[in-house]
Structures are given as C-alpha cells and as structure tokens.
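Peer 1: Sequence and predicted structure, then a few things I'm wondering about:
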Amino acid sequence: MSTKKPLDKMQPLPLLIGGQKYANHCQIKDDLPSVVASASALVFSSASEPYQILYYCANGKHNPKCLTHKKEECFAKNPHLRPQRQDNKRKAPNASPAAHISTAQALHTSVFSKPKLHQLVVDCGVTHHMFHSKDMFTSLAKNTKLPVTTGDSSRNLMAEGIGTVSLLSNNQHLTFPNSFFAPKLNCNLLNLLKLFDELIINQHKDLFSLTTKGKVLLHGKIENNLMKVDYNLPTAHRTMLNDYPWHEILGHVGKTVIKSMGLPSTATTRKVCALNKAHQLPFKDHFEPAHLPLDCVHIDLVGPISPPSISGCKYILTIVDQATSFKIVWFLKNKSDAFHHFTLSKKLMETQHNCSLKKMVSDRGGEVLDSHFQQLANECGFVHSFSPAYTPKHNGFAERANRTILEKTRCMLNATKLTHSYWSEAVSTASLLLNYVPTPSRHTLWTSLPPRIKKLRVFGCQAIVMTPK
C-alpha cells in the first residue's frame, strides 16, 4: 500500500520550507554565476551563521541534486558546451603582475615590471639565488649559461654565469655562493630554503625577520605577499672571475696589457699586486737607442737568494736585449758560473739572428769585472760598458727587468701559497710570460712568431702527469 499523499493533502509547513529552499537556491544562483568544482563545496560566512550546501557535477555525469543548471546545460555531461577561456582573461582584475611560477634549471616565482634598486625578494619557489646586476658579484664565472624558464612562456631568460654575491644587510656581511647571474631578470631573488639550515620566520603585520640560531640575519617588509629585503653593496673592490684567470695566467699583468690582447679586462687593483709591486719612483736613465736585436744587451746578477731553489741555485743571471726587451734568465749555484752561461746565451742569440753582439752594459759587480769578460769582449769585438759603482739606477734596463720578474714571482708564489723554494720555477714562468705579453710582444719581436697563449695555465694549478708504461 502506497504511503505517498496526494499533493492537495500535504501539510502547509513542508510546502513553505520547500519554497524557502527554492528561493535560497535562486539567490545563490544569482550571486554565484559560475561554480568551480572542488573537493569541498561547503560555503560559510562565519561559524555562527547558517550555511548552504552546494552540489556539483563531476566524472561526466549530471548530479540531480545540483540545482544551479539543467541536465542538458551540464558542462560535466556536455563538455563541448563549456566556453573557451582567453589567456588574457585568466588574471583577476586586481591580480599583481609579480608572481609567475617558473620551472627549469633555475625555478623562480617572482618577476616584476618595475623593480626597486637595492632590494631582494625572498622566495621559496626558486632553486638558486639569482641576481640581475654583476656589480653584486665578488666572483663570477661567465663561461656557463643556463636557461631560466618562467611561467610566462614568452619570457624565457638566460643565466649567463655562476658566482658568489656579497651584500650588506642589517649591518652584516652576507655571502651567497653558487648564485646565478641573469641580467634580464627584473628583480633579485633569494632561495629561502638555501639561506640557512635552521630558519625561523617571524611576522608582525607587514614586517618580517629571518632568524637562525637566535640571530636575526635578514629583515624586511611584505609587499604583494612577497618578502622584500633592502641591501647595500660592500665598499670592497669587486672583481670578475672571467678576468681574474687571465690576470693570473699572464703573471699578474696590468689591465692595459690584458685589454690590448683582446681579453676581458678589469679596472680593479688586487691586493696581492698592490702589496708585492710597491716600489720607488722611477729614475730616468739615458742609453743610446738600439734599433736591431743584439745592438745592445744589458746583464745583471741577483742574489744570493734564500732559501735556495729546489735544484740548489742561489743566483739569477738576467740578460735583456734593449731593442726588443726580450729577456733570458739563468739560474746559478755560484756567481762564478755567470761567464759560462753568458757565453751560451751569446752563441744562441747570434745564431738565431745571424748577427754579432755589438755592445754589453753591466754594473761593476765582481762577476763581470772578471778578466774572462774583458777577454771575450776583445776577442769578439763588442763594447763592454759599465754603470757607475753603487748606482743600480744607471743600469736601468736590467734592474727594471729584475724588478718586474721578481714582482710577478712574489705574486704567483703568494697567490698559490707555494713555498719560497719554488722561486726558480716562478721566475722562469714570469720571464716567459713577460716575453709573451705585448706592447708589443717581445716574443714576436725576437722570434717573428706570435705567442701561443692558449696553451698557458695558471702557475701553481694542479696537473696530472702520465707515466708511460
């Protein structure tokens, strides 16, 4: 027997309740023109106010309890009826232009159209620290390029190097190693997860601070849901790593020489060069001009040097050709060996240039006042000139060559932390590099061949020796 009552026998109270539900449905339908399906459809205004359950359609089926649309208008059942969205309509009217989610080798989430100078954005969506100004880098290797893909597919960037950034914030020096240099990036981004091992974020209204081990390291302001930190650049000199190797490879030469060779140059002065190249003001010497190789050579002996070299040498014999400034160095165990090595150099130079030595200039050291030098000059027919006693300034060519060689030697030894017993290897390298660098290249003037600088490596770098089987 059916328990259903005819419509005219139903109580008025359920009819009123049903009418009220339909009125509520119409009001909700007007307030919510489009309902986005989610895991929960419970909408409430506060804990004390009543709520309304909204049913939704999913899995290609129409939910009969959903009263916001008819079955034939259901987007879940008829997906072809769903209107296509335009890309330029996806953003909310008040959406900030700063939040593009990026994924690539360097993922970042914030790109600004008008960034503020000296400001960082702390972001948990980046995989590396990224900076757009190379002035912030204390060292930068620009031989590495990595793509940076943003959420806007038309705004792909390129990281042009990796290096170390040093900044001043909260009166503290902060260092960020392995940072990306992206010059087209509109803001500087800090990876929140890479900053510190133990990190506590404190927030008060629109201010925040990052604390680690009870010490506040960064603090800033929250704008557009982004944590921004103000910073200043340290006053210390900043150098580029892509210039630094050539400065070392060429024996700590000046920026003018590096620039004249078509290599990247830097305007900074390095501490190791300033300490090891300090000298008195130059003394203007007077020598007759030499136009061809072997028109005049200058010799000088340096030593004794302590500690001795690995091979036991204590002296350096320097021979400089005045016309080309080409330098030859010999390492001696005793001062008496100077004559023998000068004779070898004289034969070598005369054979290479097919001409004879015309003049030799030296100081009045005991090693060159020896009768063997005077006898050699008489036999070969060249002039042996002496500078005044106790005035090394008058033997300017050789003395200046020795000073330059020893300056570079000290720079290379101190930069590589090698012991001073390697001074002979450093002197030999410094002499070779001085002949290689222009103005013009002494090597080119002496041999008529260009130097092969691509085969050079930094003095003191690690090398692997292959032992033949």
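Peer 2: Yes, it's here.
Peer 1: count of residues packed around K70?
Peer 2: Close neighbours of K70, defined as other C-beta atoms under 10 Å, add up to 9. C-beta here means a position set from N, CA and C on the backbone, and glycine is covered the same way.
Peer 1: repeat for the one 5 residues further on
Peer 2: As a burial measure, the neighbour count of F75 was computed by other C-beta under 10 Å and equals 15.
Peer 1: Would it be right to say that it lies in a strand?
Peer 2: No: according to DSSP: H, G, I helix; E, B strand; the rest coil, F75 belongs to no strand; its state is coil.
Peer 1: I'd assumed C66 was in contact with it.
Peer 2: No: judged on C-beta atoms under 8 Å, F75 makes no contact with C66 at a distance of 10.9 Å.
Peer 1: shared neighbours of these two, anything?
Peer 2: Counting by C-beta atoms under 8 Å, 6 or more residues apart in numbering, the common neighbours of F75 and C66 are C57.
Peer 1: And the average pLDDT for stretch 419-437 is what?
Peer 2: Averaging pLDDT along stretch 419-437 gives 83.
Peer 1: quick one: buried residues of that stretch?
Peer 2: Buried positions in stretch 419-437, judged by neighbour count with 16 or more other C-beta atoms under 10 Å: 422-431, 433-437.
Peer 1: What about the residues you listed, which are in helices?
Peer 2: Within these, residues falling in helices by DSSP state H are 423-431, 433-436.
Peer 1: And those, which is closest to S139?
Peer 2: L433 (22.8 Å; C-beta to C-beta).
Peer 1: Please report the distance of the spatially closest residue to the closest one that is not a sequence neighbour from V272.
Peer 2: Closest residue to L433 apart from its sequence neighbours, by C-beta to C-beta, 6 or more residues apart in numbering: G251 at 3.8 Å. Distance, G251 to V272, by C-beta to C-beta, to the nearest Å: 12 Å.
Peer 1: Going by how many neighbours each has, rank the two and give me the top one.
Peer 2: G251 (26 against 16).
Peer 1: what's that one sitting at in phi/psi?
Peer 2: G251 adopts backbone torsions of phi 80, psi 40, taken as degrees, to the nearest 10.
Peer 1: Now that the residue nearest to L433 has come up, it's in contact with S428, right?
Peer 2: No: counting by C-beta under 8 Å, G251 does not reach S428; the two are 11.1 Å apart.
Peer 1: Overlap in contacts, G251 and V272.
Peer 2: Common contact partners of G251 and V272 (C-beta under 8 Å, 6+ apart): C411.
Peer 1: mind checking the end-to-end distance for stretch 262-276?
Peer 2: 26 Å (C-alpha to C-alpha, to the nearest Å).
Peer 1: which of the buried residues of stretch 419-437 lies closest to A290?
Peer 2: Nearest to A290 among the buried residues of stretch 419-437 is N435, at 17.0 Å by C-beta to C-beta.
Peer 1: if I read this right, the closest one contacts D321, doesn't it?
Peer 2: No: look at N435 against D321 with C-beta under 8 Å: they stay out of range, at 10.3 Å.
Peer 1: List the contacts of V297.
Peer 2: 319-322, 349, 357, 359-361.
Peer 1: If we use 10 Å, what do you get?
Peer 2: Shown in contact with V297 (C-beta atoms under 10 Å, 6 or more residues apart in numbering): 290, 319-323, 326, 328, 342, 345-346, 349, 357-362, 382, 397-398.
Peer 1: what pairs with it across the strands?
Peer 2: D321, M360 (DSSP bridges).
Peer 1: Report the separation between it and G312.
Peer 2: 27 Å.
Peer 1: What of V368?
Peer 2: When V368 is compared with G312 (using C-beta to C-beta), they lie 23 Å apart.
Peer 1: okay, those two: which has more neighbours?
Peer 2: V368 (21 against 9).
Peer 1: So the more buried one is in contact with L301, correct?
Peer 2: Yes: at 7.7 Å, V368 and L301 qualify as touching, with contact defined as C-beta atoms under 10 Å.
Peer 1: shared neighbours of those two, anything?
Peer 2: 335, 338, 362.
Peer 1: can you pull out the strands in the stretch 201-350 of the chain?
Peer 2: 207-212, 215-223, 226-230, 297-302, 315-321, 327-332 (DSSP state E, counting those that start in this stretch).
Peer 1: Of the ones you listed, give the one that comes closest to Q462.
Peer 2: Relative to Q462, the nearest member of the strands of the stretch 201-350 of the chain by C-beta to C-beta is strand 327-332, separated by 24.5 Å.
Peer 1: Remind me what that closest one packs against, helices and strands.
Peer 2: strand 297-302, strand 315-321, helix 338-353, helix 396-416, helix 423-436, helix 442-447 (3 or more C-beta pairs under 10 Å, 6 or more residues apart in numbering; DSSP states H and E).
Peer 1: Next, the angle from it to helix 338-353.
Peer 2: 150 degrees (axes from the mean of the first three to the mean of the last three C-alpha atoms, to 10 degrees).
Peer 1: tell me the angle strand 327-332 makes with strand 315-321.
Peer 2: Using the same axes, to 10 degrees: strand 327-332 against strand 315-321 is 160 degrees.
Peer 1: Adjacent strands (with direction) for strand 327-332?
Peer 2: Strand 327-332 has these strand partners (DSSP bridges): strand 315-321 (antiparallel).
Peer 1: Quickly note the distance from the spatially closest residue to G220 that is not a sequence neighbour to A323.
Peer 2: Once flanking residues are discounted, G220 sits nearest to V229: 3.9 Å by C-beta to C-beta, 6+ apart. Using C-beta to C-beta, we find V229 at a distance of 60 Å from A323.
Peer 1: Compare the two (neighbour count), which wins?
Peer 2: V229 (23 against 16).
Peer 1: Show the pLDDT at that one.
Peer 2: At V229, pLDDT is 70.
Peer 1: How much space separates the closest residue to T429 other than its chain neighbours from H204?
Peer 2: Once flanking residues are discounted, T429 sits nearest to F459: 5.2 Å by C-beta to C-beta, 6+ apart. Using C-beta to C-beta, F459 is found at 55 Å from H204.
Peer 1: Between these two, point out the one with more neighbours.
Peer 2: A direct count of neighbours by other C-beta under 10 Å for F459 and H204 places F459 higher, at 23 against 7.
Peer 1: where's that one, which helix or strand?
Peer 2: Following DSSP states H and E, one finds F459 outside all helices and strands.
Peer 1: ok, it touching L418?
Peer 2: Yes: contact status for F459 versus L418: in contact at 8.6 Å, counting by C-beta under 10 Å.
Peer 1: Show the buried residues in the contacts of V297.
Peer 2: Judged by 16+ other C-beta under 10 Å, buried ones among the contacts of V297: 290, 319-323, 326, 328, 342, 345-346, 349, 357, 359-362, 382, 397-398.
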